[in-house]
Structure formats: C-alpha cells, structure tokens
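> what shape does this take:
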Amino acid sequence: MRKVSIGDSGLQISSISFGTSCLGDMPDTYGYQVDEVRARDTLHAIFSSPVNLLDTSNNYGSGRSEERIGNYLREIGGLPDGFVLSTKLDRDMQTGRFDAARVGQSLEESLGRLGIDRIPLLHLHDPEHARDLAEITADGGALDELFKLREQGIATTVGLAMGSLDMMFPILKAYPFDALISHNRYTLLNRSANEMFDYAFDNGITILNAAPFAGGVLAKGSDEMPQITYQAADEQALEPVKIIETACAKHNLASGAVALQFSVNDPRIASTIVGVSKAERVKQTISWAEQTIPKTAWDDINSCGYSTEDPEANREYKPG
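Numbering: from 1, shown residues only. The predicted model follows:
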C-alpha cells in the first residue's frame, strides 16, 4: 500500500486508514450499537491489515473508542513499530469549554485510556462546537497549547480536524499545521473542500480525507441506508446517490469501490479515513481499493455531477 510522509516528521501513513468513532458505540450518530467483542474483532482485523493509521478522538462514545483501542494495544504489547495512532483534543462535552486548561485535561484523558505517553498525530477537534472560539484562537488559547505539545515532543505532529469549512479554512491558513482531517466534504456527492485541499497541498499540509462514503450511503446503498452525512434523506435528497449507483451498476461495480478510489486516487490526499464497525468491513475496504475500475466507468461517474454546498448545514449534531 502506498505510503506518504507527514512533512519531515519521519512518520509515514498508508493511503487508506481506519476511523473508529463507531467503535465507541455511537447509536445517535450511526443508528446501531457496537459491543466490546465486535469492537475488539474489528481492531484485530485493522492491526492485521496493511493499513498503518488508526484515527480516534477523545469524545468518540464519551471515551469508549479510546478505551477499547487502549485495551487492545495492551493485549498486543503496545503500539506496533511504524503504526501511526491519531487522536484528537476535544472540548468539555458538558460545558463546551475549550481553553488551554481543557487541552491538558483532554490530552491526559486520552493518554490514560490509550496507555501511551505520546501521540504520533494529535488534532484539535470540532472548534465549531465549542462555547467560545476566542478560547481556542486567543494568545495562550487551545491552539497555542496544541503547538506547545508538538514542541515538547508529546505530539509528533499536529493537525486540525473539523467540519465547517467557513471556520476551518481561515484557521488552517493562520497556523503551521502538519495535517488536516476533513469529513464528508470531498466525496462523489460533494466537493466543497476542493479549494481548501488545493491550498493545503500547495503548502505542505498532509490531507486526510474522512468519510468517503458520505456517512455510509455510498458503501451500503440507498435502499439499505437512506441517509446522507448522518441525516435522514428523502427520495429527492437520495436522487444523486441513485444516479451514481446506476452508473456503477452499468459497469458491474460496487459504488463503495468507486467512492473509495475517488478519494484514494486523488494525488493531494495522503490518506482516506474509512470508518469501520465490523471486521469484514476491513477486508472489504482493502478489496475495494484493489479493484480495477476502467476509464469508461470513471467517465460515466464523473458526469454524474456533485454539490459544493455544506453537506451538514442542516445537521442536528449529536456526539453520541
């Protein structure tokens, strides 16, 4: 599997990576539950695969995602050599506070759950949901604290992970990030992150593109999963998905394979983060990445059209 370096950090990441929010058991977001056994089996499949980047966060499942990863790492004797673990600093989920002190608390919680003493890749997460952006961007605020952690060697590299591009792009331009994570904004259905990706690539910021299946619908299908970016979708909203599904069916291709390779094959994108909640999805993802997609199929897919609007503009955010 192709690997890309994160700047001059010495870290290399695989072109596919796995996200673990659903392994934290978040039924309000995903509509289903994931128990301990299923999560452990999924982690075993991930660590047995050629992928070397695993992404989680302090607040996924109120800490359950990190706890389950930490339990698995203890079971196998720690983080394997060459494996990159990515996690995120999060606001206080009760008050929304996200100041420098909260950064320290979030880091301590994550290190304790994961059972490690430093983070290869550490992101500031979801500032758009914090109570006061000034706590994050002011001198001595959360962002300054994030970069101190890099200076101290507690984080090897640091990034910005969030949704709202209107807020994300200016922050990205104002600070020397090593990486970024954007989700649902660069898929077969939506290209709203395109300008930001151009900027990041031109300025040496490693791009991690998450949720290439638009919340799962491009992997599971519109009949099985009639929702887009974690929001219920009616027939009108699902029409673009059905157009893509029809074009894929014409070439006997799974829409999941095409959606995955759309991101993986983009030269700007260092790694595509795929959320998985069961072991067989890990194998399926690798298989989709290896599938040959003819040019004629891409021609048909690329003619389907896409949106550049915020795909989560009307989303009722539920962190659980």
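> check contacts around the residue lying closest to residue 255 once chain neighbours are set aside.
Excluding its sequence neighbours, the residue lying closest to residue 255 (C-beta to C-beta, 6 or more residues apart in numbering) is residue 248, at 4.5 Å. Every C-beta, even on glycine, is put in place using the N, C-alpha and C of the backbone. Contacts for residue 248 (C-beta atoms under 8 Å, 6 or more residues apart in numbering) come out as 254, 255, 258, 297, 301.
> which of the residues in the helix or strand hosting the last one are buried?
Counting by DSSP states H and E, the element that carries residue 301 is helix 295-302. By neighbour count, and taking 16 or more other C-beta atoms under 10 Å as the criterion, the buried residues in helix 295-302 are 297, 298, 300, 301.
> surely the third one touches residue 251?
Yes: using C-beta atoms under 8 Å, residue 300 makes contact with residue 251 at a distance of 7.1 Å.
> coming back round to it: can you tell me what sits against the helix holding residue 301?
With C-beta under 8 Å, 6+ apart as the test, helix 295-302 has contacts from 188, 244, 247, 248, 250, 251, 253, 258, 262.
> residue contacts, residue 80?
Residue 80 sits in contact with residue 47, where contact means C-beta under 8 Å, 6+ apart.
> try residue 318
Counting by C-beta under 8 Å, 6+ apart, residue 318 touches 28, 29.
> for it, grab phi and psi.
Torsion angles at residue 318 (phi, psi; degrees, to the nearest 10) stand at phi -130, psi 120.
> ok, it to residue 28 distance?
Taking C-beta to C-beta, to the nearest Å as the measure, residue 318 falls 4 Å from residue 28.
> touching, residue 118 and residue 154? I think so.
Yes: contact criterion C-beta under 8 Å: residue 118 and residue 154 qualify, at 5.2 Å.
> if we can go back for a sec, now the buried residues of helix 295-302 in JSON lines, with distance to residue 103?
JSON lines is the format used below for those (distance: C-beta to C-beta, whole Å):
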{"residue": "297", "distance to residue 103": "46"}
{"residue": "298", "distance to residue 103": "43"}
{"residue": "300", "distance to residue 103": "47"}
{"residue": "301", "distance to residue 103": "42"}
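> hmm, which two among those residues are most spread apart?
Within the buried residues of helix 295-302, 298 and 300 form the most distant pair, 7.4 Å apart (C-beta to C-beta).
> any weak-confidence spans in the stretch 101-250 of the chain?
The model of the stretch 101-250 of the chain has no residue with pLDDT under 70.
> which residue ranges form the helices in it?
Using DSSP state H, counting those that start in this stretch, the helices of the stretch 101-250 of the chain run over residues 133-137, 142-151, 165-174, 194-202, 217-220, 235-250.
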